[in-house]
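Visitor: What follows is a predicted structure for the sequence shown.
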Amino acid sequence: MKKLIIFFAVLFVSISLFPKETLYAIYVIDNEMANINCSESLFEWQDRMNKIHHYTRMKTKERVLAVGLSDSMEEWSREAVLAAVDDVNPDEQDTVLFFFAGQSENQTETKSRSPKMLLQHGITLELEEVGKVLAKKHPGLMLVFADFYDQDGDGNSKESTAARANRSLVYSNYRKLFNEKRHAAVIAASCSVGNKGESGIFTNRFFEALDECTASNDVSWQNLLEKISEPAGKFRNKACWEIRPQKDLIDDLDIVIGKFDLPEWRNAWDENWYDDREWYDDGGWNGEVYDGDEEYYAEDEILTGEDNE
């Protein structure tokens, strides 16, 4: 009987520690522009995915579409990108991230808040089109981001200035952002239509804001996005963003999606990684998770950032 109790105790602990949710990341990188290296944003996201995996306990998997990078698919045309997005099969508790780093096509006649992505062969794709394909998959959370490299600036990553925080609070805040599922679509880009993005600023500001929010007592996607929409960089750009129910993106628009030989999903974390920048003041995590603070999302409300004028 004692052995049976020990067996079930070990089984319970194993199940509780094993990640039940997955974060799928699709990276589309324009690696063919002269004198501009969009891969820096990719490498920053890949490094930070270790931290997200560490604090959320989610499995993280990635697929990269870029020329000249190992384990990537060198086709990143409109058709290839849509095929890669359509190939995701998340459960309702999973998160899907789509991230683009490259040039924009700034046509003001578009109905979108953000510029179009300029893909391989000069064909464009809107962030909302990616959102429409993903919304039909019904993931728990959808993140669609674009870091536009339209003009060279000072987008290099800087040392975090986030305040010291209790480790339990940080664990809890990461889970509030990435694990609590509301079937929301979070769409954000370096700039609004009619403006040009500054190289790497979106990625830099996003992770600065993530560090600040997860160390605070007021974490939400809205607060994080409001931070990155503050003027930043040499050209004082403001990111544009919106948070809306995924069901608003599902319509009868017929998006043609072809078939491609896509690379396998790769695990997106390093088993030997640890956060050597941990500066928590409580001496270690005690397993406590804060459940009291609920991030506000009205079921049918659309939240947007302020447009650039």
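Guide: That came through, no problem.

Visitor: mind listing the strands in this protein by residue range?
Guide: Counting by DSSP state E, the chain has strands at residues 22-29, 59-65, 95-102, 104-105, 116-118, 124-125, 141-148, 184-189, 240-245, 266-267, 303-304.

Visitor: name the helices or strands packed onto the fourth one?
Guide: If I follow you right, that is strand 104-105. Taking 3 or more Cβ pairs under 8 Å, 6 or more residues apart in numbering; DSSP states H and E as the contact definition, the neighbouring helices and strands of strand 104-105 are strand 116-118. Placement of C-beta: from N, CA and C, glycine included.

Visitor: before we move on, the earlier item: can I get the strands of the chain in CSV with distance to S168 and mean neighbour count?
Guide: CSV is the format used below for the strands of the chain (distance: least, Cβ to Cβ, whole Å; neighbours: other Cβ atoms under 10 Å):
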stretch, distance to S168, mean neighbour count
strand 22-29, 21, 24
strand 59-65, 22, 23
strand 95-102, 22, 25
strand 104-105, 40, 20
strand 116-118, 39, 23
strand 124-125, 41, 18
strand 141-148, 22, 27
strand 184-189, 25, 24
strand 240-245, 26, 22
strand 266-267, 27, 13
strand 303-304, 28, 16
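
Visitor: Out of those, which gets the lowest mean score?
Guide: Lowest mean pLDDT within the strands of the chain: strand 303-304, at a mean of 69.

Visitor: Could you report the pLDDT at R236?
Guide: Here the pLDDT value assigned to R236 is 70.

Visitor: Distance check, it against C191.
Guide: Computed with Cβ to Cβ, to the nearest Å, the distance linking R236 and C191 is 11 Å.

Visitor: ditto for G122
Guide: Distance from G122 to C191, counting by Cβ to Cβ: 20 Å.

Visitor: of the two, who's got more company?
Guide: Set side by side, G122 and C191 show unequal neighbour counts under other Cβ atoms under 10 Å, the larger going to C191 at 26 against 9.

Visitor: May I ask you to confirm that that one is in contact with S199?
Guide: No: taking Cβ atoms under 8 Å as the definition, C191 is not a contact partner of S199, at 11.9 Å.

Visitor: Outside of the longest helix along the chain itself, list whatever touches it.
Guide: Of all the segments assigned as helix in the chain under DSSP state H, the longest by residue count is helix 39-56. Residues external to helix 39-56 that are found in contact with it (Cβ atoms under 8 Å, 6 or more residues apart in numbering): 21, 23, 25, 27, 29, 31, 58-60, 62, 64, 66, 69, 99, 101, 147, 155-157, 170-171, 174-175, 178-179, 200, 202-204, 207, 210, 214, 268-270, 273-275.

Visitor: re the thing from before, wait, which of the strands of the chain is closest to I255?
Guide: strand 124-125 (9.8 Å; Cβ to Cβ).

Visitor: And the closest one, what does it pack against?
Guide: With contacts defined as 3+ Cβ pairs under 8 Å, 6+ apart, the secondary structure elements packing on strand 124-125 are helix 78-86, strand 116-118.

Visitor: Pull up the pairing partners for it, direction included.
Guide: strand 116-118 (antiparallel) (DSSP bridges).

Visitor: Report the distance from the strand it pairs with to the chain centre.
Guide: 18 Å (Cα atoms, centre = their mean, to the nearest Å).

Visitor: cool, stretch 86-100 as well?
Guide: Here stretch 86-100 shows a centroid-to-chain-centroid distance of 10 Å under the convention Cα atoms, centre = their mean.

Visitor: Need the distance between the two termini of it.
Guide: Between the opening and closing residues of stretch 86-100 we find a distance of 16 Å, counting by Cα to Cα, to the nearest Å.

Visitor: And the helices in the protein, which stretches?
Guide: In the chain, helices defined by DSSP H lie at 2-17, 39-56, 78-86, 127-135, 167-178, 201-214, 221-228, listed in chain order.
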